[in-house]
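> 3D model of this:
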Amino acid sequence: MVDILQNIGSTLCILGLCFGPFLFIGFGLPAIGYISKRRNARKQKRSNQQHRSRFPYRLVAYAMLGVTLMTVAICIYWLFSGTFDISNDLGGVAGIIAVPLLFTIAAFRSYILQNMPSATEAVEQDPRLPVLYLRSFDQEMLKFVHLKDEEKARYNTFLNYAGDVNLPPFEQAIYTALNSSALLTFGSVESEDVTFEKYFRGEVMERIGPFVALGNPIDSLPTEGAFRDYQIDERWKDVFFNHSERAACILMQLGSSDNLQYELTAILSRRISHKLFILTPPQENLKDRYAWVRKYILREKPANWQAFSAILQKNGFRIPDEPLGIGSVLTFEKDGSPLVLVRNAFQPQEYIQPIAERLKGLQVIE
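Here you go, the predicted structure:
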């Protein structure tokens, strides 16, 4: 048993020395930079568009896959040579395999995001009118709905983007195999919180058109969900005007940033408030496991209907007499009067189908 522990320690040291610097550069530094920039994002001036990440995530993914397979082969050799007792040592061996496996999955996911089309490219490739997603950048990672892990996987799997990045079939098969081995990674790696844009992406793209958004300039990789356009400070407003005028509709959740208020005012002044649809979560009091990070590190404040309705009124919108409840869709008539289109919706289609039907009634889409 002592020999096995020594082998485990040696293996982990070799892995750390060989791949640790690359993984830190590819994942650690961007994470540290993201937190640092996010805290001061509203004070920063966007001086350039997003630079596409040049880190070789695909190469790292295959390298870590090779390490994973080599580790599995070594463990199989130990098993048949009698080096360890499967009844006593299986947990430790599974832990050794899980380390490179997790890094392999993370690198594959980053590789997929690295190759996502921009919003402009997505609109050019799809003849239908796009759907613009408005939000405060602080909200991008907020949980929108609580689901069981097996349901979360449907929205969190990166194979949702395989067609967008032309992921080869053999790499789709590899990624599927990696995720099916999630029992070695201490639970499903696809069980992250489901955000607004991940929850609605599939329905929006099936029923209406490409799902697009302006990108956060501090991103090193695009965020999961809508296709992004990244712009400098001098151009983002013009790009927003272009997207909002062209869009079949504009989806948003409750928010409070200064830029979001500017966008609301612009929507009203350009007489396209009938294109705006405000969606509320289908559940109350969602537990956010990263709430302390958002509150104490990122210094973010969650929005609620009371604060958001005050922002709507401040920017010239009329609001319903009663507060919006869970699972609601609020839109506006062309004269600016509010219309609650849906209440108590839960599934994405219960939100998006009524929106699509209203757009057809307004002859915005066919």
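> So, low pLDDT: which residues of the stretch 201-350 of the chain?
In the predicted model of the stretch 201-350 of the chain, residues 232-234, 288-302 satisfy pLDDT under 70.
> Roughly how far does the nearest residue to Asp126 once chain neighbours are set aside sit from Leu324?
The shortest distance from Asp126 to any non-neighbouring residue, by C-beta to C-beta, 6 or more residues apart in numbering, is to Pro210 (4.6 Å). Glycine gets a C-beta too; all of them are placed from N, C-alpha and C. Separation of Pro210 from Leu324 (C-beta to C-beta, to the nearest Å): 27 Å.
> mind listing what Phe332 touches?
Counting by C-beta atoms under 8 Å, 6 or more residues apart in numbering, Phe332 touches Ser273, His274, Leu276, Phe317, Arg318, Pro338, Leu339.
> Can you name the helix or strand that Asn179 falls in?
Assigned by DSSP states H and E, Asn179 falls within helix 169-180.
> Just the buried positions in that helix, please.
Within helix 169-180, the residues scored as buried using 16 or more other C-beta atoms under 10 Å are Glu171, Ile174, Tyr175, Leu178, Asn179.
> helices or strands next to the next helix or strand after it in the packing?
Going down the chain from helix 169-180, the next helix or strand is helix 196-207, by DSSP H and E. In terms of contacts (3 or more C-beta pairs under 8 Å, 6 or more residues apart in numbering; DSSP states H and E), helix 196-207 is packed against strand 131-134, helix 149-156, strand 211-214, helix 348-361.
> let's go with 10 Å and repeat that
Here helix 196-207 touches strand 131-134, helix 149-156, strand 211-214, strand 249-252, strand 276-279, helix 348-361, going by 3 or more C-beta pairs under 10 Å, 6 or more residues apart in numbering; DSSP states H and E.
> what packs against the fifth one?
Helices and strands touching strand 276-279, by 3+ C-beta pairs under 10 Å, 6+ apart, are strand 131-134, helix 196-207, strand 249-252, helix 258-269, helix 305-314, strand 329-332, strand 338-342, helix 348-361.
> and the least confident of the buried residues of helix 169-180?
Here the lowest pLDDT out of the buried residues of helix 169-180 sits on Asn179, with 73.
> isn't Met252 right next to Ser244, touching?
No - applying C-beta atoms under 10 Å, one finds Met252 not in contact with Ser244, separated by 11.2 Å.
> what's the overlap in contacts for the two?
Contact with both Met252 and Ser244 is made by residues Leu132, Leu134, Glu263, Ile267, Leu276, according to C-beta atoms under 10 Å, 6 or more residues apart in numbering.
> which of these tops the neighbour count?
Each of the shared contacts of Met252 and Ser244 was scored by neighbour count (other C-beta atoms under 10 Å); the top score is that of Leu132, with 28 neighbours.
> Save the shared contacts of Met252 and Ser244 as TSV, and put in distance to Arg109 too.
Shown next, in TSV, are the shared contacts of Met252 and Ser244 (distance: C-beta to C-beta, whole Å):
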residue	distance to Arg109
Leu132	26
Leu134	26
Glu263	30
Ile267	34
Leu276	33
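> Nearest to Lys143, out of those: which one, please.
Minimum distance to Lys143 across the shared contacts of Met252 and Ser244 is 18.5 Å, recorded for Leu134 (C-beta to C-beta).
> what's the residue closest to the geometric middle of the chain?
Glu224 (3.0 Å; C-alpha atoms, centre = their mean).
> Enumerate every residue touching it.
109, 112-113, 116, 140-141, 155-156, 158, 160-161, 192, 195, 197-198, 201.
> Can you turn the buried part of those residues into a PyMOL selection?
Filtering these down to the buried ones (16+ other C-beta under 10 Å) takes a single PyMOL command:
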select buried, resi 109+112+113+116+140+141+155+156+158+160+161+192+195+197+198+201
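> From the contacts of Glu224, which shows the smallest pLDDT?
pLDDT across these is at its lowest for Glu192, which sits at 75.
> So which of the contacts of Phe332 is the closest to Pro348?
Distances from Pro348 to those, taken by C-beta to C-beta, are shortest for Leu276, at 18.6 Å.
> My guess is that closest one contacts Met252. True?
Yes - between Leu276 and Met252 there is a contact under C-beta under 10 Å: 7.1 Å.
> residues shared between the contacts of those two?
Common neighbours of Leu276 and Met252 (criterion: C-beta under 10 Å, 6+ apart): Leu132, Leu134, Glu263, Leu264, Ile267, Leu330.
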